[in-house]
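Asks: just coords:
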């Protein structure tokens, strides 16, 4: 299993541009989530999904959209990038049986908005 | 949501046992205590989870007193590779609201030779 994969690894955007961060998992996990981590800080939940077709907002959802059309994929869209969205973005997944506790994280996408 | 408090940083030497304590005074009945480890430039990795008393796995032990208002992660005989940030999380892992797990700032453990 590849686990949780994220692309791209690095991205530089100009203010106002939009883009999609990709996340995929091959473990057939129902639960998926997106976090952002700012320098020296813990992770903050952006959006999450409990299954295909179901998404909801986390702690810091503004400026981001998600969709979950398949179990495997959970892309995160930045609608109009702002410097405040410069961060490292992590995608995670877990199975329903263990709930949200035992999440498997991807390697992260380092995003810089200038 | 249960707020957690843990030390910002700790230092240790190779071969020592390290205990990191987390306070969570307003833990709810359905909440579990979960610890994650994060190395630089990597995503967090699940270490251990518990509800009460003691839980042990091949990596660590987790001690939870009867009142559940705190917990202690114990790492036996640490090595340089245990240098990382350790997060204590408290939440209900089985609700459908993303667990609302709050990572906080974590404890930065530095292991020296």
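Replies: In hand now; what should we look at? Since the model is a prediction, treat every value here as computed from it, not as a measurement.
Asks: how about residue B:52, what does it touch?
Replies: Residues counted as contacts of residue B:52 (C-beta atoms under 8 Å, 6 or more residues apart in numbering or on different chains) are B:64, B:66, B:68. Bear in mind the C-beta positions are built from the backbone N, C-alpha and C, glycine included.
Asks: which one of those is nearest residue A:53?
Replies: For those, the minimum distance to residue A:53 (C-beta to C-beta) is 36.1 Å, reached by residue B:68.
Asks: doesn't residue A:84 belong to a strand?
Replies: No - assessed with DSSP: H, G, I helix; E, B strand; the rest coil, residue A:84 is helix; it does not lie in a strand.
Asks: in contact with it, which residues are there?
Replies: residue A:113.
Asks: re earlier: among the contacts of residue B:52, which are in strands?
Replies: Using DSSP state E, the members of those that fall within strands are residue B:64.
Asks: the contacts of residue B:52, buried ones only, as a PyMOL selection?
Replies: To isolate the buried members of these in PyMOL, using 16 or more other C-beta atoms under 10 Å in any protein chain shown:
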select buried, chain B and resi 64+68
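Asks: separation between the residue nearest to residue B:7 when sequence neighbours are not counted and residue A:64?
Replies: Nearest residue to residue B:7, sequence neighbours excluded (C-beta to C-beta, 6 or more residues apart in numbering or on different chains): residue B:107, at 5.2 Å. From residue B:107 across to residue A:64, the span is 29 Å (C-beta to C-beta, to the nearest Å).
Asks: residue B:19 too?
Replies: 38 Å.
Asks: those two - which one has more neighbours?
Replies: The neighbour count for residue B:19 versus residue A:64, taken as other C-beta atoms under 10 Å in any protein chain shown, is higher for residue A:64 (19 against 13).
Asks: buried set for stretch A:67-76?
Replies: Within stretch A:67-76, the residues scored as buried using 16+ other C-beta under 10 Å are A:67, A:68, A:71, A:72, A:74, A:75, A:76.
Asks: can you tell me which of those residues are in helices?
Replies: Nothing among these maps onto helices, per DSSP state H.
Asks: out of those, who's nearest residue A:55?
Replies: Among these, and counting by C-beta to C-beta, the member closest to residue A:55 is residue A:68, at 5.5 Å.
Asks: how about the closest one, nearest residue that isn't a chain neighbour?
Replies: Spatial nearest neighbour of residue A:68, excluding adjacent residues (C-beta to C-beta, 6+ apart): residue A:49 at 4.3 Å.
Asks: how many residues are close by residue A:20?
Replies: 13.
Asks: confirm it sits in a strand?
Replies: Yes - when three-state DSSP is applied, residue A:20 is found to be in a strand.
Asks: picking that back up, OK, contacts around the residue nearest to residue B:7?
Replies: With contacts defined as C-beta under 8 Å, 6+ apart, residue B:107 is in contact with B:6, B:7, B:8, B:9, B:10, B:20, B:85, B:86, B:87, B:88.
Asks: and these, which of them are buried?
Replies: Here, 16+ other C-beta under 10 Å leaves B:6, B:10, B:20, B:85, B:86, B:87, B:88 buried among the contacts of residue B:107.
Asks: make a markdown table from the buried residues of stretch A:67-76 and add pLDDT to it.
Replies: Supplementary listing: the buried residues of stretch A:67-76 in a markdown table, determined by pLDDT from 0 to 100:
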| residue | pLDDT |
| --- | --- |
| A:67 | 96 |
| A:68 | 96 |
| A:71 | 95 |
| A:72 | 97 |
| A:74 | 98 |
| A:75 | 98 |
| A:76 | 98 |
